[in-house]
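> What follows is a protein structure lacking sequence information:
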């Protein structure tokens, strides 16, 4: 993960942010359907493999300013609302952080 991954994540996010319609892009780990992140124009949604509140977890990645936890369900999903405009790069970096630090996807996976 890192710069190369962010460069791959960015183009589909640019497309979502500039689309005239409400679109969604889903990023998933090949062979592991439980590790996924979705991006829309107004939210970032990901698999939530924990029982505890996301606000109590020490390893929840810091979201960019303007992204706040909107909803979550234990061992199902976590949704961040995009409350202020974000660049495609900032969202790609956040998606990368979710995969690395939250969904435990490291370079060796």
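That came through, no problem. Because the structure is a prediction, the values reported are computed rather than measured.

> quick one: secondary structure of residue 11?
helix (DSSP: H, G, I helix; E, B strand; the rest coil).

> who are the neighbours in contact with it?
Residues near residue 11 by CB atoms under 8 Å, 6 or more residues apart in numbering: none. For glycine as for every other residue, the C-beta is placed from the backbone atoms N, C-alpha and C.

> residue ranges for the helices of the chain, please.
For the chain, applying DSSP state H gives helices covering 3-18, 88-97.

> out of everything not next to it in sequence, what's closest to residue 38?
Using CB to CB, 6 or more residues apart in numbering and skipping residues adjacent in sequence, the residue nearest residue 38 is residue 45, 4.4 Å away.

> Quick check, that neighbour in contact with residue 79.
Yes: in this structure residue 45 lies within contact range of residue 79 using CB atoms under 8 Å: 4.7 Å.

> Relative to residue 78, how far out is the residue nearest to residue 38?
7 Å (CB to CB, to the nearest Å).

> and what of residue 102?
Residue 102 is 8 Å from residue 78, by CB to CB.

> Give me the common contacts of these two.
Contacts common to residue 102 and residue 78, judged by CB under 8 Å, 6+ apart, are residue 46.

> re earlier: between the helices of the chain, which one is nearest to residue 36?
helix 88-97 (10.4 Å; CB to CB).

> where does this protein dip in pLDDT?
1, 58-59, 105-109 (pLDDT under 70).

> Let's see that with 80 instead.
1-2, 57-61, 101-102, 104-109 (pLDDT under 80).

> show me where it has strands.
Counting by DSSP state E, the chain has these strands, from start to end: 24-29, 32-40, 43-47, 67-73, 77-82.

> can you pull the contacts of the residue nearest the centre of the chain?
With distances taken as CA atoms, centre = their mean, residue 95 lies nearest the centre of the chain, 3.7 Å away. By CB under 8 Å, 6+ apart, the contact list for residue 95 reads 9, 13, 27, 37, 39, 44.

> go again using 7 Å as the cut-off
By CB atoms under 7 Å, 6 or more residues apart in numbering, the residues touching residue 95 are 9, 27, 37, 39, 44.

> With the flanking residues excluded, which residue is spatially nearest to the first one?
Once flanking residues are discounted, residue 9 sits nearest to residue 92: 4.0 Å by CB to CB, 6+ apart.
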